[in-house]
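> Next comes the sequence, and after it the predicted model I'd like to discuss.
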Amino acid sequence: MVPGNHDLDRKKLSTGGAQLLDFIRAGGPAEYEKVFSNPHDRATLLARFEDYGRFSFGYRCGLDDEAKFASNLRIEIAPDRWIRFIRLNSALLCTGDEREDNPELMIGSRQFTIPKKAGEENVVLVHHPLHWYKDSADVRQYVRARARVFISGHEHNPKVEIDSVVDGTDVMMLAAGAAVPFRSNDTYTYTYNIIEFDWDQAKDALVVTLHPRVWNPVETRFEADDKRLGDRTPQFTLGSPNFRKCGKKAMTVNHATVSNVVPLAEPVVEEVPAETAEIREGEMPPISPSDEGYELALLRFFRDLVESERLRILLELDAIPSDFDERMTQGVERMLFDWLVGEGRLPEVIEKIDKLTLERKEGTRD
């Protein structure tokens, strides 16, 4: 998930923060970088995303503390062929007054200079389409050079187009609809897509199949949409240079091959630490605990508890070392949470979450 213009708390914008936004909007990329490279100015503007950040971190989609791109998930769709999800925050400059005919929003080079790696094709998620940005030309150049799929929202009008960058290199530009738009008519209605990623062995390319869904007001149900994206299940094979950089691989597949699309028996999902958007050479990313109840407990820990309550649990369960002197970030909290689970103490964590949740509901504290 990525934040949009309705996911920040505008009431938390201070007078100084408003002046920072005016400074950036009146300027350009240099002013943007000057503000967001300053940790104090950055914290002022990121304060508006405090609630969203806690919510999204519970779903492992936390914002980057330095207002850079966020990337902590990659999935292997074939041996040595990965897709990496890159999350951008286009709402950093939002005030509620932005318009597409006079772009004032920016992505900033600290976000759009996304990595390009052999064997990995990037899937970029962002709320606002490209033409909403003052620095859209620079963003478009990096997207064309470094992304295979670009998914945006905001305009509630589903459409897809394939941008052929150079021979053997394509970018899918996918505009998402909205499951709950503010109005519904012939143009804007309730829609969503399920997106399927595969690998074409013969072409060594990423295959993207869309399953568009639209609300039928007569039948009062969602059904396949054969209008907005041109077909009930449009499928695209995208020229994927980062796959080809890995060279030919000997493939052992346990499935029948359908139209050259070869899925893995079980996709491999790697979670990269949110504190470091890159995987260092030779460094293995952590594997999330598989204990029953872990996923829901992690979600509740970050979504339902405020920072003081999370710290209270970590302190009461002796998860914080006595000589600990690091800045307590959500990434560190997650590491300590996982440590407790690894020590077999998940039931204690769940008990503490239940207790704090009940106390808040009853309006009491020990």
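Nice, thanks for sending it over.

> Unless I misread the structure, L46 falls within a strand.
No - applying DSSP: H, G, I helix; E, B strand; the rest coil, one finds L46 to be helix, outside a strand.

> Which helix in the chain has the most residues?
Criterion DSSP state H: the longest helix present in the chain is helix 346-362.

> can you give me the helices for the stretch 101-250 of the chain?
In the stretch 101-250 of the chain, the helices defined using DSSP state H, counting those that start in this stretch lie at 109-112, 136-146, 241-244.

> Switch the ones you listed over to a markdown table; also include mean pLDDT.
Listed next are the helices of the stretch 101-250 of the chain as a markdown table, based on pLDDT from 0 to 100:
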| stretch | mean pLDDT |
| --- | --- |
| helix 109-112 | 93 |
| helix 136-146 | 94 |
| helix 241-244 | 96 |
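
> okay, now the domains of this structure?
Listed by automatic domain parsing, the domain ranges of the chain are 62-271, 294-362.

> Tell me, please, the helix or strand in the protein that averages the lowest pLDDT.
Here the helix or strand of the chain ranked lowest by mean pLDDT, DSSP states H and E is strand 268-271, holding a mean of 70.

> which is the next helix or strand following it?
Note on strand 268-271: by DSSP states H and E, the next helix or strand toward the C-terminus is helix 294-303.

> Relative to the whole chain's centre, how far out is that following helix?
Computed by C-alpha atoms, centre = their mean, to the nearest Å, the chain-centroid distance of helix 294-303 equals 18 Å.

> now for it, which elements pack on it?
helix 50-58, helix 307-316, helix 330-342, helix 346-362 (3 or more C-beta pairs under 8 Å, 6 or more residues apart in numbering; DSSP states H and E). All C-beta spots, glycine's among them, are computed from the backbone N, C-alpha and C.

> Mean pLDDT and distance to R146 added to those, as CSV?
Below are the helices and strands packed on helix 294-303 laid out as CSV (pLDDT from 0 to 100; distance: least, C-beta to C-beta, whole Å):
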stretch, mean pLDDT, distance to R146
helix 50-58, 88, 23
helix 307-316, 94, 35
helix 330-342, 89, 25
helix 346-362, 92, 39
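
> Put together TSV for those, with mean neighbour count on each row.
Converted to TSV, those look like this (neighbours: other C-beta atoms under 10 Å):
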stretch	mean neighbour count
helix 50-58	19
helix 307-316	16
helix 330-342	18
helix 346-362	15
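
> Those: which one's closest to G247?
When the helices and strands packed on helix 294-303 are compared by C-beta to C-beta, helix 330-342 sits nearest G247, at 34.9 Å.

> Packing partners of that closest one?
Under the contact criterion of 3+ C-beta pairs under 8 Å, 6+ apart, helix 330-342 touches helix 50-58, helix 294-303, helix 307-316, helix 346-362.

> right, and those - which one's nearest V214?
Ranking the helices and strands packed on helix 330-342 by proximity to V214 (C-beta to C-beta) places helix 50-58 first, at 27.1 Å.

> Pull the contacting residues for W82.
Residues near W82 by C-beta atoms under 8 Å, 6 or more residues apart in numbering: 74-76, 119-121.

> So which residues make contact with the longest helix of the chain?
Contacts of helix 346-362 (C-beta under 8 Å, 6+ apart): 289, 291, 293-294, 297, 300-301, 304-305, 309, 312-313, 316-317, 337, 340-341, 365-366.

> Mind putting the helices and strands packed on helix 294-303 into CSV with distance to A175?
Listed next are the helices and strands packed on helix 294-303 as CSV, based on distance: least, C-beta to C-beta, whole Å:
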stretch, distance to A175
helix 50-58, 22
helix 307-316, 36
helix 330-342, 31
helix 346-362, 38
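
> Figure out which of these is closest to T209.
Taking C-beta to C-beta, helix 50-58 is the member of these nearest to T209, at 26.8 Å.

> What's the first helix or strand after the closest one?
Note on helix 50-58: by DSSP H and E, the next helix or strand toward the C-terminus is strand 70-78.

> roughly how far out does that next one sit from the chain middle?
11 Å.

> can you check stretch 22-37 too?
Per C-alpha atoms, centre = their mean, the centroid offset for stretch 22-37 relative to its chain is 24 Å.

> With just CA atoms, put it into PDB.
Output of stretch 22-37 as PDB, limited to C-alpha atoms (Å, rounded to 0.1, in the frame of the first residue of the first chain):
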ATOM      1  CA  ASP A  22       5.100  27.000   0.300                       C
ATOM      2  CA  PHE A  23       8.900  27.100  -0.100                       C
ATOM      3  CA  ILE A  24       9.000  23.800  -2.000                       C
ATOM      4  CA  ARG A  25       5.900  24.600  -4.200                       C
ATOM      5  CA  ALA A  26       7.300  28.000  -5.200                       C
ATOM      6  CA  GLY A  27      10.600  26.400  -6.100                       C
ATOM      7  CA  GLY A  28      11.500  23.000  -7.600                       C
ATOM      8  CA  PRO A  29      13.700  19.900  -7.100                       C
ATOM      9  CA  ALA A  30      16.500  21.900  -5.400                       C
ATOM     10  CA  GLU A  31      14.100  23.300  -2.700                       C
ATOM     11  CA  TYR A  32      12.400  19.900  -2.300                       C
ATOM     12  CA  GLU A  33      15.800  18.200  -1.600                       C
ATOM     13  CA  LYS A  34      16.900  21.000   0.700                       C
ATOM     14  CA  VAL A  35      13.900  20.500   2.900                       C
ATOM     15  CA  PHE A  36      13.700  16.700   2.900                       C
ATOM     16  CA  SER A  37      17.400  16.300   3.500                       C
END
